[in-house]
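> Give me coordinates for this.
(2 chains)
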Amino acid sequence: MKLETLNLQNWQPFLGRGLKSTKITLKSETGQKNMIVYAENTHGKTAIWQAIQFGFFGKVNKRKTGWQEGKYRPWIWKNTSGEPLLNQTANEKGDYTFGVIMTFNHDGEDFTLERTCGPRRGIIKPKNDTQMELEELYIRNESEGKIVKEPQKFINDILPYDLAQFFMFDGERLDKYRLLFEDTNDVKLKGYIEAILRFPVLTDGTKDFIDIKKKSDKELRKFRLRGTNNDNLRKEVEELESQVTELDLVLLDEQKTLATSQANLQIVEEWLKQNDKGAEALAQQKIFKKQVKSLEEEIVGFNDQMKQQMPGTWKTIISSRINTRLDVLDGEMTRQFDETKEMGVIEGKIKSLNAQLKGEKCITCGHIHQIPEPTEIAAINRNIISLEKKFVELEKSTISPDPHYLLSRQKALRSMTSTNKLDSLINIEENIVRKKQELRRAGSNYEKAMKLLSSEAIREVQTYLSQKKSLEDEIAISENDIIKLRNYISSLESRIKIKTENIQSVNQTISQKKCEKKIDLLDNLIEVWKKVTTDHRETMRAQVEKSASEIFMSLTNKKKTYKGLRIHSDFRVEILHKKKSREAEAGSGGQSALMAYSILDALTTSSGIEFPMVVDTPARSIDKKNLNRLFDYLFLDSGKQVILLPESKELEPEVGDDKYGGSCAATYEIYLMGEHEDLSQIKLRVNNTGKTNGELGYDV
Amino acid sequence: MMSEEEQDSSGGVVFCSAEFAEKLDDFSDLFKKHKQPMAEAERFAMAIGIVKNSRLPKDEWKEGKKKRKGTQGLSTFEEGGKYNFRILFEMLDLWDEDDDVSLTLTISEYITGGMKWLTENEMIDGSKFSILKEEFPDLFLNENN
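As a prediction, this is how the structure comes out:
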């Protein structure tokens, strides 16, 4: 398909319809088919992109949600903040009809398409979408002069809505495409890729053959059972078949449930991706909340330890004071003990001296003393008197103070001392202080995360996360049930097969023989079809890989570093490094963006679908040098019809016209209308259409 | 009529001034693992009052929001004979039988003095015990050991 003209009727910032509508031409008598529409941000270039989407599919996604189902822009709104499709000035002037008229050529035939939206019958002044209605799509085959029946089906056959994202893409969302190619868990994308490469035709074919064979097997069993007289066997097989039929229905239901859950999960995951900041804040909030809880628990634990330590600490505190007194007490008691010992010694000495005086046996060595001389006796007596005096002194001293008094005080004081130190108390206190600081930080972080999210947003994210969890659970249960059901059905079918395969019909009817032949044929067909599918998958993969690699290598500025792209069987894509030592990698932002463009281009080429490449804000994530290569490729080498909607910083109008104007039917520039910031108008820059500016509806 | 401190048969009652009643209440939370948290908190305050020599005579006590706290008989304060504070106070020369003030009031004055010091040093919630290390290094292991 080649787009030829685009006519905007009260479409977004472009006011006017009928004769006053905004007209854009992409048809050239000299064969140029491309178009560039230059515009600064917010001037209305995305409105052009969206006009094409609306024309073909009747809905326009909100830009931030990409191609997500269910997130569409309103037709009418009270002001421009709701981003309505109806021009706001037209709305204020009471003209509520808007739409798009396009002409295009498909398979050599010219078509006119009209998609219009206006007030419902009986509504004079619509206020919201419920008071508006989309008129039935109108497509006329101009070459045959016929109105196309089932016009939406006609468009969907050319390009299904789901696959349009590969042809009409937004540079601002290029990252999403890159992630899709790097994340093979995205089942939906894998489905799209397979769809664009026509795999479903083959896989559906295999499934169709298997279904037909199943029916034929059943038919053959009937023939065989007819030929037997074994009523019991017939009854048994019929019962088993009835069970299989019932279980097939249950399986079908379960598969539908699974498909619904998977589709819902995709929507929820996409929503969460779009609201990743909210989800991130919520996740952070959860982490901080957990941290706060854990720190609070730790603090409680340390406080508990402190409470274990505190009893008895008062003894440690006064121990040094008590010990000073205990030292005094101990000194006294030692003195008394020493003096008591000395008394014993004195007592012994007195006894020995007395034995000496009496000439008795020595009390220590046992020898007999000689009776002392009179002079010696006086000296011994003096000695005894002196020792007895000392003994009496000591006797007094050993009971002063009263040893019981000293002992009781010593015991009392010792009960109030402790040898423990308070270091562990300080350690615990330091831990508490540290944890309290961490708690303050975590609390502050929690508050910050809270501020990022309004309570409404928190509830919304939580709801989606909870939905995601329950959908994942549902899917796991469904998948498990499906496996069990399949296994059970398979075991029943095996039983039926065993019971029926040995039935020998005496007289085979022609119908039975035909049925057996049909089954043989189907067996062969299934095998062949499976092989064709596998071969096709590999061929297409290799084709996309080759084509994408060539495009990538022609685009990248790192030709010495990279040698191409590798596309795995699951369509995961990697950039291949020339040095063997370096593993294949996903690539930097710019290289990954080029990779995404290369894959998109290769996929659309390999698909065989002919449709314009409509690229809005192409330069996100790509540097100037690579971007110039990308433009060169798109306009000069891709062979596709390219509709480019760049900002001037991505492609200066003068430069673009100079380099690519020759390959374009026309180039345009969007301006804001001076006094109306919400209104835009288009100026024709390069005109290769073969018609004059005036004929195209532009100022000469 | 006998004063409250004379009522206990074993030697009157010990207590803390009303000024620090609330603080003592809070402080006793740190001694929850002990069977007598309030008495243990008072013993801690008393120990501090002794080592800091910060006895606060009763005539200097101020009124507080709450009534005086931790009132208990001496025998209870001594855990039924486990400790003997008469000996302690006598041996540390903090009280003498011939003094005009009873032993229990003396103890109470040391408890109140200790509570004042603990309050002034913000140690009631157990978060500033490191001050003890600065004040009484001998209560801690020598870091060089």
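
> Give the buried residues for stretch B:112-129.
With burial defined by 16 or more other C-beta atoms under 10 Å in any protein chain shown, the residues of stretch B:112-129 counted as buried are B:112-119, B:123-124, B:126, B:129. (Each C-beta comes from the backbone N, C-alpha and C, glycine too.)

> near chain A, from those?
Residues of the buried residues of stretch B:112-129 in contact with chain A (C-beta under 8 Å from any C-beta of the partner chain): B:126, B:129.

> Present the buried residues of stretch B:112-129 as JSON lines; the columns should include distance to A:T30, secondary structure and pLDDT.
Listed next are the buried residues of stretch B:112-129 as JSON lines, based on distance: C-beta to C-beta, whole Å; DSSP: H, G, I helix; E, B strand; the rest coil; pLDDT from 0 to 100:
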{"residue": "B:T112", "distance to A:T30": "107", "secondary structure": "helix", "pLDDT": "95"}
{"residue": "B:G113", "distance to A:T30": "107", "secondary structure": "helix", "pLDDT": "96"}
{"residue": "B:G114", "distance to A:T30": "104", "secondary structure": "helix", "pLDDT": "96"}
{"residue": "B:M115", "distance to A:T30": "102", "secondary structure": "helix", "pLDDT": "95"}
{"residue": "B:K116", "distance to A:T30": "103", "secondary structure": "helix", "pLDDT": "95"}
{"residue": "B:W117", "distance to A:T30": "101", "secondary structure": "helix", "pLDDT": "95"}
{"residue": "B:L118", "distance to A:T30": "98", "secondary structure": "helix", "pLDDT": "94"}
{"residue": "B:T119", "distance to A:T30": "97", "secondary structure": "helix", "pLDDT": "94"}
{"residue": "B:M123", "distance to A:T30": "94", "secondary structure": "coil", "pLDDT": "89"}
{"residue": "B:I124", "distance to A:T30": "94", "secondary structure": "coil", "pLDDT": "91"}
{"residue": "B:G126", "distance to A:T30": "91", "secondary structure": "coil", "pLDDT": "82"}
{"residue": "B:F129", "distance to A:T30": "93", "secondary structure": "coil", "pLDDT": "84"}
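
> Just name the closest of the buried residues of stretch B:112-129 to A:T203, please.
Taking C-beta to C-beta as the measure, A:T203 lies nearest B:G126 of the buried residues of stretch B:112-129, at 71.5 Å.

> before we move on, back to that, which one of the buried residues of stretch B:112-129 is nearest to A:E652?
Of all the buried residues of stretch B:112-129, A:E652 sits closest to B:G126, with 71.2 Å by C-beta to C-beta.

> so what's the backbone phi/psi at that closest one?
phi 80, psi 20 (degrees, to the nearest 10).

> ok, and the closest non-adjacent residue to it?
Counting by C-beta to C-beta, 6 or more residues apart in numbering or on different chains, B:G126 lies nearest to B:L30, which is 5.0 Å off, once chain neighbours are set aside.

> What of A:K649?
Among residues not flanking A:K649 along the chain, A:A619 sits closest, at 7.6 Å (C-beta to C-beta, 6+ apart).

> Wait, a strand at A:I124?
No. Under the criterion used here (DSSP: H, G, I helix; E, B strand; the rest coil), A:I124 is coil, not part of a strand.

> nearest spatial neighbour of residue 88, skipping sequence neighbours?
No chain specified, so I'll use chain A. Once flanking residues are discounted, A:Q88 sits nearest to A:T80: 5.0 Å by C-beta to C-beta, 6+ apart.

> Can you look at chain B instead?
Leaving aside its sequence neighbours, B:L88 sits nearest to A:M416 (C-beta to C-beta, 6+ apart; 5.9 Å).

> Next, count neighbours for the one you found.
By other C-beta atoms under 10 Å in any protein chain shown, 21 other residues sit near A:M416.

> ok, now A:S81?
If you count neighbours by other C-beta under 10 Å, A:S81 ends up with 8.

> And it, how close does it get to A:I48?
Between A:S81 and A:I48 the computed distance is 21 Å (C-beta to C-beta, to the nearest Å).

> what does A:T228 give?
According to C-beta to C-beta, A:T228 stands 72 Å off from A:I48.

> who's more crowded, the two?
Neighbours per residue, other C-beta under 10 Å: of A:T228 and A:I48, the larger number sits with A:I48, 25 against 15.

> Buried residues, whichever strand or helix holds that one. List them.
Taking DSSP states H and E as the definition, A:I48 sits inside helix A:45-57. Residues of helix A:45-57 classed as buried: A:45-57 (neighbour count, 16+ other C-beta under 10 Å).

> Over to stretch A:140-159?
Within stretch A:140-159, the residues that count as buried by 16+ other C-beta under 10 Å are A:140, A:148, A:151-152, A:154-156, A:158-159.

> Restricted to strands, list those.
Counting by DSSP state E, these place A:R140 in strands.

> Specify which member of the buried residues of stretch A:140-159 is nearest to chain B.
In terms of C-beta to the nearest C-beta, no member of the buried residues of stretch A:140-159 lies closer to chain B than A:L159, at 71.0 Å.

> Leaving out chain neighbours, which residue sits closest to the closest one?
In space, and not counting its chain neighbours, A:L159 is closest to A:F611: 5.0 Å by C-beta to C-beta, 6+ apart.

> what about A:D304, neighbour count?
By other C-beta under 10 Å, 13 other residues sit near A:D304.

> what residues does chain A put near chain B?
Counting by C-beta under 8 Å from any C-beta, chain A sits next to chain B at A:303, A:306-308, A:310-311, A:313-318, A:320-322, A:325, A:329, A:408-409, A:412-413, A:415-416, A:421-423, A:425-426, A:429-430, A:432-433.
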